[in-house]
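**Student:** model this:
(chains A, B and C)
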Amino acid sequence: MSSEYLSNVRRLRPVVHTITNYVTANDCANLLLAAGASPIMADAPEETAQIAAMADAVVLNLGTLSTSRKEAMLLAGKAASAADKPIVLDPVGVGASGFRRETAGLLLREAEPTVIRGNRSEIRALRTGETGERGVDTADLPEGDGENARLLAKQTGAVVLQTGETDLVTDGEQVLRVQGGSDMLCLVTGAGCMLSALTGAFLAANPDRPLLAAAAAAETMSVCAEIAQRRLRTGEGNASFRTRLIDAMCNLTPETFRKWRQEA
Amino acid sequence: MSSEYLSNVRRLRPVVHTITNYVTANDCANLLLAAGASPIMADAPEETAQIAAMADAVVLNLGTLSTSRKEAMLLAGKAASAADKPIVLDPVGVGASGFRRETAGLLLREAEPTVIRGNRSEIRALRTGETGERGVDTADLPEGDGENARLLAKQTGAVVLQTGETDLVTDGEQVLRVQGGSDMLCLVTGAGCMLSALTGAFLAANPDRPLLAAAAAAETMSVCAEIAQRRLRTGEGNASFRTRLIDAMCNLTPETFRKWRQEA
Amino acid sequence: MSSEYLSNVRRLRPVVHTITNYVTANDCANLLLAAGASPIMADAPEETAQIAAMADAVVLNLGTLSTSRKEAMLLAGKAASAADKPIVLDPVGVGASGFRRETAGLLLREAEPTVIRGNRSEIRALRTGETGERGVDTADLPEGDGENARLLAKQTGAVVLQTGETDLVTDGEQVLRVQGGSDMLCLVTGAGCMLSALTGAFLAANPDRPLLAAAAAAETMSVCAEIAQRRLRTGEGNASFRTRLIDAMCNLTPETFRKWRQEA
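**Tutor:** You can find the predicted model right below:
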């Protein structure tokens, strides 16, 4: 089923306006290109409303947040929201500072994201307003029952995609689970950012089904991670895994997607 | 012939002050190092005039433009222009926003670039002042007769290097064509940015012949892309292509360059 | 011996707050993850004091310096200093502009770094206050007798790690030398930045011995570079070397570390 959502991305080639941190922006752009989407990276308050209005989806990522990027995201979010375009919010490290928490709250209210994509710590911090997180790439704790994700979805009206050993996707009522993926994802900076960008492409190409589109993006990323891991050779590590992950997306066809899932 | 231009880069090791977007800055720096040049990446208005004045060439790239980077580029461009140093302008996504269009116009007037390097959409938008572009990495339309490139060169006095299926290089009178390359370049973010940076190095090492130096940079990039594509293995995609592209530059000698072109 | 320092990083998984340039931030984050540390990249003045206070080490890198990042580094440096946490200063291109020189001086006074990591030109420029450097990635001159490094350590109270053909580590009294590594490091942008980030992780996990921890970080990087170079295949260049360097860190165990050094 996810393979059809990917096919729509490749067919429609949506323009994804990605406002993201400078640490992983290159990987996000190359992953979007690999998936068949067309990234535009722009984060100046002078232009983000204009660019968001012509894009097919907007991704707002809180990594390496700045005052300027906060304003740029607010303007892009409002413009996309007014034009009824899908928005993904990635609350990177939201538990790490008051600045990120306050910005996330502002974007939740003003941009009304379609999907929130975060790891378990970020989803919990976003729901509870608690802080005290350390780091953004730490391995997840056991993921419990997804109650934070479900409640956050109810609070915000957004679909919540919580990544971890098992990914959860919920609209506050239904909870879908995506198994698979690879432990190596924890050793690659920006694995989450890349999934958030990809989710933007999937929403743009499948606008009527945000819950299923987000789940399809997560499943697509999991399959690519599994392919990348299987292709790793002796002596290769996280850097080669990153390369092979994006390569896998570049080569993924609906047929190989279905075949991979049947064999797994 | 292009191989001699590359030899001069490797011999003179020019310092290329590259003011560029954060999405592809790493690739630009590694490509410059691979070519034998010495990159310096600096974009604070407090220092770009000073750094541009001691560099051998300056590259001004409009990706992820900001108010600060706009001012930094203006100062660097003026300093380089006053010192008669070659300047490359890369009008990334100039059709996507008024902010980029206005900045490009300012830099054309104040910095008087030696070479403008863009894809067909960007060159057209720059010449006509039209907007409405979507994305910056979309595959090029068929490239027509290069009339926009020729007219932009006449308007500005710059050499225009327009990349596409066939690259065009023109000073408004002569029009050179560079064939070859690889379709995979469209799937790598920053392929254009990298060529713009490389063009800066070629101009610095071959300052008396901007038209031929720009054509040589384009041909060198095309040869590297062809080598990278031939070396791609089953299961590899755009991420591996990017690695192999920079690797090819790192290993390109005048001899392999000439041999590759004779065989092609 | 260095292998024990690495073991402590892997065991304690320190959070390293890395304020660094956008050119090499991705490589720094992936190298830290490969080493077993947990990077957090944040450079907004609104949040760096808070994040530095909860991190285990702070890295201050002057590449692509900006007014905002200068303020962010000052706040992070003061917070870390007040909490007695290790701080690494990387004075990237400090000889290239007055802005960088002034910022480096400010951070030396206000943050009192534990370790200063730079190449020979940067260490000399930092000690003497001279400018006139061109580029930041130029190959090092023969390294002389390390007198600049020793004097800078005496002046500042910091351990100085000066990288070059032979790395020197000194507290102003003792001078340790780390041999090995690879010439390819000169062709990779951010090789120095990555070592500075790694040094932050080593200091955090081995806080009582900054001189030896810095030497261990340098030796660990050298071993990874040697492994990466040996694994390079025909046709591969600086881009593959970078991938293999981070991969080598990812796979380095205390056992392979010791074995590699015994065989070398």
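
**Student:** just so I have it, where are all the helices in the stretch 1-150 of chain A?
**Tutor:** For the stretch 1-150 of chain A, the helices defined by DSSP state H, counting those that start in this stretch occupy A:2-12, A:25-35, A:48-54, A:67-82, A:98-111, A:120-128, A:147-156.

**Student:** Give the other helices and strands that the lengthiest helix in chain A contacts.
**Tutor:** Ranked by residue count, the top helix of chain A under DSSP state H comes out as helix A:210-231. Packing partners of helix A:210-231 (3 or more CB pairs under 8 Å, 6 or more residues apart in numbering or on different chains; DSSP states H and E): helix A:2-12, strand A:115-119, strand A:159-163, strand A:167-170, strand A:175-178, helix A:191-205, helix A:238-251, helix A:254-263. Where you see a C-beta, it was placed from the backbone N, CA and C, and this is true even at glycine.

**Student:** which stretch among those comes nearest chain C?
**Tutor:** Smallest distance to chain C across the helices and strands packed on helix A:210-231 (CB to the nearest CB): 3.7 Å, for helix A:238-251.

**Student:** how about that closest one as CSV, C-alpha atoms only?
**Tutor:** Below are the C-alpha coordinates for helix A:238-251, written out as CSV (Å, rounded to 0.1, in the frame of the first residue of the first chain):
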residue,chain,number,x,y,z
ASN,A,238,27.3,5.2,10.0
ALA,A,239,28.7,7.3,7.1
SER,A,240,28.3,4.6,4.6
PHE,A,241,24.9,3.7,6.0
ARG,A,242,23.8,7.3,5.4
THR,A,243,24.9,7.1,1.7
ARG,A,244,23.3,3.7,1.2
LEU,A,245,20.1,5.0,2.8
ILE,A,246,19.7,7.8,0.3
ASP,A,247,20.8,5.5,-2.5
ALA,A,248,18.1,3.0,-1.5
MET,A,249,15.5,5.7,-1.7
CYS,A,250,16.8,6.7,-5.1
ASN,A,251,16.4,3.1,-6.4
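
**Student:** The longest helix of chain A vs helix A:254-263, what angle?
**Tutor:** 80 degrees (axes from the mean of the first three to the mean of the last three CA atoms, to 10 degrees).

**Student:** Quick check: residues of the stretch 51-200 of chain A near chain B?
**Tutor:** Proximity of the stretch 51-200 of chain A to chain B (CB under 8 Å from any CB of the partner chain) is limited to residues A:I51, A:M54, A:A55, A:S68.

**Student:** from what I can see the last one touches A:D43, true?
**Tutor:** The reference is to A:S68. Yes: in this structure, A:S68 is within contact of A:D43 by CB atoms under 8 Å, at 7.3 Å.

**Student:** And the two? Which one has more around it.
**Tutor:** A:D43 (28 against 17; other CB atoms under 10 Å in any protein chain shown).

**Student:** Tell me which residues touch the more buried one, please.
**Tutor:** Contacts for A:D43 (CB atoms under 8 Å, 6 or more residues apart in numbering or on different chains) come out as A:I19, A:T20, A:S68, A:R69, A:A72, A:M73, B:T64, B:S66.

**Student:** now swap in A:G172 and tell me
**Tutor:** Contacts for A:G172 (CB under 8 Å, 6+ apart) come out as A:R150, A:L151, A:A153, A:K154, A:G157, A:V160.

**Student:** likewise A:Q155?
**Tutor:** A:R127.

**Student:** before we move on, what about A:R11?
**Tutor:** Taking CB under 8 Å, 6+ apart, we find A:R11 in contact with A:G36, A:A205.

**Student:** OK, contacts around whichever residue of chain A sits closest to chain B?
**Tutor:** Residue nearest to chain B within chain A: A:C250 (2.7 Å; CB to the nearest CB). Contacts for A:C250 (CB under 8 Å, 6+ apart) come out as A:L33, A:A34, B:L187, B:G237, B:N238, B:A239.

**Student:** want to throw the residues you listed into JSON lines with pLDDT and distance to chain C?
**Tutor:** Formatted as JSON lines, the contacts of A:C250 follow (pLDDT from 0 to 100; distance: CB to the nearest CB, whole Å):
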{"residue": "A:L33", "pLDDT": "98", "distance to chain C": "17"}
{"residue": "A:A34", "pLDDT": "98", "distance to chain C": "17"}
{"residue": "B:L187", "pLDDT": "98", "distance to chain C": "16"}
{"residue": "B:G237", "pLDDT": "98", "distance to chain C": "15"}
{"residue": "B:N238", "pLDDT": "98", "distance to chain C": "13"}
{"residue": "B:A239", "pLDDT": "98", "distance to chain C": "10"}
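
**Student:** follow-up on the earlier one: quick check: which of the helices and strands packed on helix A:210-231 is nearest to B:A29?
**Tutor:** helix A:238-251 (16.9 Å; CB to CB).

**Student:** what inclination does the closest one have with respect to helix A:2-12?
**Tutor:** 80 degrees.

**Student:** ok, now how distant is the residue of chain A most remote from its centre from chain C?
**Tutor:** When each C-alpha in chain A is compared with the mean C-alpha position (CA atoms, centre = their mean), A:T234 comes out farthest, at 30.0 Å. Per CB to the nearest CB, to the nearest Å, A:T234 is found 9 Å from chain C.

**Student:** Count the neighbours of the nearest residue to A:L151 once chain neighbours are set aside for me.
**Tutor:** Closest residue to A:L151 apart from its sequence neighbours, by CB to CB, 6 or more residues apart in numbering or on different chains: A:R127 at 5.7 Å. Residues lying near A:R127 (other CB under 10 Å) number 20.

**Student:** Was I right to think A:R127 contacts A:E147?
**Tutor:** No: in this structure, A:R127 is not within contact of A:E147 by CB under 8 Å, at 9.1 Å.

**Student:** what's near enough to touch A:L6?
**Tutor:** By CB under 8 Å, 6+ apart, the residues touching A:L6 are A:A35, A:G36, A:F202, A:A216, A:T220, A:L252, A:P254, A:F257.

**Student:** Next, the second one: phi, psi?
**Tutor:** Here the main-chain torsion angles of A:G36 (degrees, to the nearest 10) amount to phi 100, psi 0.

**Student:** The residue nearest to it when sequence neighbours are not counted: how many residues sit nearby?
**Tutor:** Closest residue in space to A:G36, ignoring its immediate chain neighbours: A:R10 at 3.6 Å, by CB to CB, 6+ apart. Neighbourhood size, A:R10 [other CB under 10 Å]: 15.

**Student:** so what pLDDT did A:R10 get?
**Tutor:** If you check A:R10, the pLDDT there is 97.

**Student:** near chain C, which residues of chain A?
**Tutor:** Residues of chain A found near chain C (CB under 8 Å from any CB) are A:21-24, A:26-27, A:63-67, A:93, A:96-100, A:132, A:134-138, A:186-190, A:235-240, A:242-243.

**Student:** filter those to the buried ones?
**Tutor:** By neighbour count, with 16 or more other CB atoms under 10 Å in any protein chain shown, the residues of chain A next to chain C hold A:21-24, A:26-27, A:63-66, A:93, A:96-97, A:99-100, A:134-137, A:186-190, A:236-240, A:242-243 as buried.
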